[in-house]
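Visitor: model this:
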Amino acid sequence: MLDVESNGGFSSHSSQLQSCGDSSEEELSVLPRHTKVVVTGNNRTKSVLVGLQGVVKKAVGLGGWHWLVLTNGIEVKLQRNALSVIEAPTGNEEKDDLDFENAQWNSSD
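Guide: Sure thing, here's the model as predicted:
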């Protein structure tokens, strides 16, 4: 996963997902999982990412960081104010393989 910051550094992080508030707080809220977004960018966003579409994998309230899986398969970490919602989650999304991935990373050989 890429951690896209202004210093150009990359790192990997994990945290717990939080749900978003009502629509009046949409700009400052955390987006729910499976929300389809387009990268609009902010001062920390690499220009090559602007205009790309993706799906929210997880998000945290502190700092508004969102982990996305882009349509090209790359995982990136961006702030909420660098994203615009294309489509809200329907609630009918199938359970993805995130639990399997986490189990693999945490298992000892």
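
Visitor: below-threshold pLDDT in the chain: ranges please.
Guide: 1-28, 95-109 (pLDDT under 70).

Visitor: could you pull out the helices for it?
Guide: Secondary structure of the chain (DSSP state H): helices located at 98-106.

Visitor: show me where it has strands.
Guide: Ranges of strands within the chain are 2-3, 36-39, 53-59, 65-70, 75-79, 83-87, based on DSSP state E.

Visitor: can I get those strands in TSV with distance to Ser29 and mean neighbour count?
Guide: In this view, the C-beta of every residue, glycine as well, is placed from N, C-alpha and C. TSV is the format used below for these (distance: least, CB to CB, whole Å; neighbours: other CB atoms under 10 Å):
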stretch	distance to Ser29	mean neighbour count
strand 2-3	22	16
strand 36-39	13	18
strand 53-59	9	21
strand 65-70	11	21
strand 75-79	12	21
strand 83-87	10	14
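
Visitor: same list (the ones you listed) but as CSV, adding distance to Thr45.
Guide: Listed next are the strands of the chain as CSV, based on distance: least, CB to CB, whole Å:
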stretch, distance to Thr45
strand 2-3, 12
strand 36-39, 7
strand 53-59, 13
strand 65-70, 12
strand 75-79, 6
strand 83-87, 9
